[in-house]
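Q: Sequence below, structure please.
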Amino acid sequence: MLRFLREPRWIALIIAVPVGVVLCLMLSNWQWNRYEGRKDANQVQNANMSQEPTDIAKVIPVGSTVNDSNLWRPVTATGRYVPSAQVLVRKKPLNNSMGFWVVTPLVTADKTVVVVNRGWIKADSDAKSSPTVPPPPTGQVTVEGSLQGSVPGPAVRPSDIPVGQVTSLDAAAIGTAAGATVLPGYIDLVKSDPAQGGLTPIPPPEISEGSHLSYSLQWIAFAVMFIVGLVLLTRREFQMQRREKGLVGGAEPDEPDLSDEAAQPGESSRLPQDSRQ
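A: Numbers count the residues shown, from 1 in each chain. Modelled structure (predicted):
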């Protein structure tokens with residue numbers, strides 16, 4: 001009765017279902033790994049952000065790197081801004097609006113350059129122009145914010161962007177305009193003394209595990225649906241084939257019992273010996 005499984009369409013289905021199940025399980029595992037990675041990153045971020053503010057030169061001295069052990073740590077720096085080395089980092093959205101990061105190097109007393117992302121400003125309607133940016137505080141300034149990793153820029157500066165704009169926050173490339181010794185990474189400014197105005201501080205990212213766990217479970221559900229669907233289709237086809245051969249319910253159809261005839265209305269059944277009388 002299972003000979004129909006040898007038909008080409010059934011062979012293709014039997015091959016496709018395991019392939020689909022494997023793909024679903026692979027995607028589920030991928031989403032699970034992303035969930036685990038996000039959870040671990042959130043734990044590191046929470047632990048780093050809970051530490052006390054520390055001088056940035058002690059957290060990332062020259063020659064070190066920004067990594068999981070210090071990313072998002074509260075850091076401080078004291079020095080003087082160099083407005084002539086200020087740049088705008090392009091294409092930075094905030095609250096559904098496109099804008100710029102305003103990045104200004106800060107030179108400390110020992111001539112070390114600390115790159116500071118002072119905040120966000122909305123872009124003008126003309127993509128080829130730069131908005132008017134509030135100047136940084138003058139004189140000695142103490143800044144506090146979260147430590148971030150530098151983003152290397154392109155080897156060749158694009159020729160179609162205005163002067164004073166860059167495509168990525170490359171701390172080394174931006175800081176060298178203010179001095180030779182540049183600390184790795186940069187500060188996302190939270191507050192400064194004296195205070196600045198006119199710029200929106202960069203908000204920290206939402207600490208969430210996202211939808212990766214639910215997506216992982218959904219892919220497992222899809223894999224189960226593939227298997228259940230194949231079983232149901234096979235069972236349905238099997239039952240249809242039995243009905244076509246008159247094997248409904250697995251038993252032969254009932255045949256009439258000719259050994260005993262039903263009595264006709266108005267007549268009584270006669271015994272065999274009655275016919276001999």
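
Q: Got the domain ranges for this structure?
A: Domains of the chain are assigned by automatic domain parsing as 3-43+212-245, 73-193.

Q: Could you work out the end-to-end span of the first one for me?
A: Distance between the boundary residues of domain 3-43+212-245 (Cα to Cα, to the nearest Å) amounts to 14 Å.

Q: Same check on stretch 116-136?
A: OK, stretch 116-136 end separation, Cα to Cα: 11 Å.

Q: what sits up against it?
A: Identification of contacts with stretch 116-136 by Cβ atoms under 8 Å, 6 or more residues apart in numbering yields 77, 81, 83, 86, 88-89, 92, 94, 97-106, 143, 145, 148, 162, 164-165, 169, 186-189, 196-202. To be clear about C-beta, it is placed using only N, CA and C from the backbone, and glycine gets the same treatment.

Q: Could you export the domains of the chain as JSON lines, including mean neighbour count, mean pLDDT and distance to residue 52?
A: As requested, the domains of the chain are exported to JSON lines (neighbours: other Cβ atoms under 10 Å; pLDDT from 0 to 100; distance: least, Cβ to Cβ, whole Å):
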{"stretch": "domain 3-43+212-245", "mean neighbour count": "14", "mean pLDDT": "87", "distance to residue 52": "19"}
{"stretch": "domain 73-193", "mean neighbour count": "17", "mean pLDDT": "92", "distance to residue 52": "7"}
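
Q: who wins for proximity to residue 56 among the ones you listed?
A: Judged by Cβ to Cβ, the one of those that comes nearest to residue 56 is domain 73-193, at 4.0 Å.

Q: end-to-end on that closest one?
A: Its first and final residues considered, domain 73-193 spans 19 Å by Cα to Cα.

Q: residue boundaries of the strands in this structure?
A: Secondary structure of the chain (DSSP state E): strands at 54-55, 74-81, 87-94, 97-107, 112-122, 141-148, 165-166, 181-182, 186-193.

Q: looking at those, which is closest to residue 39?
A: Residue 39 sits nearest to strand 141-148 of all these, at 20.3 Å, using Cβ to Cβ.

Q: Note down every partner strand of that closest one and its orientation.
A: strand 74-81 (antiparallel), strand 186-193 (antiparallel) (DSSP bridges).

Q: Mind listing residues that contact stretch 200-219?
A: Residues from elsewhere that reach stretch 200-219 (Cβ under 8 Å, 6+ apart): 24-25, 27-29, 31-32, 34-35, 38-39, 42, 45-46, 49, 72, 94, 101, 117, 119-121, 146, 188-190.

Q: Surely residue 82 and residue 104 touch.
A: Yes: with contact defined as Cβ atoms under 8 Å, residue 82 counts as touching residue 104 (7.0 Å).

Q: and the closest residue to residue 237 other than its chain neighbours, how far is that from residue 150?
A: Setting aside the residues directly before and after it, residue 237 is nearest to residue 4 in space (Cβ to Cβ, 6 or more residues apart in numbering), at 5.7 Å. The spacing between residue 4 and residue 150, counted by Cβ to Cβ, to the nearest Å, is 64 Å.
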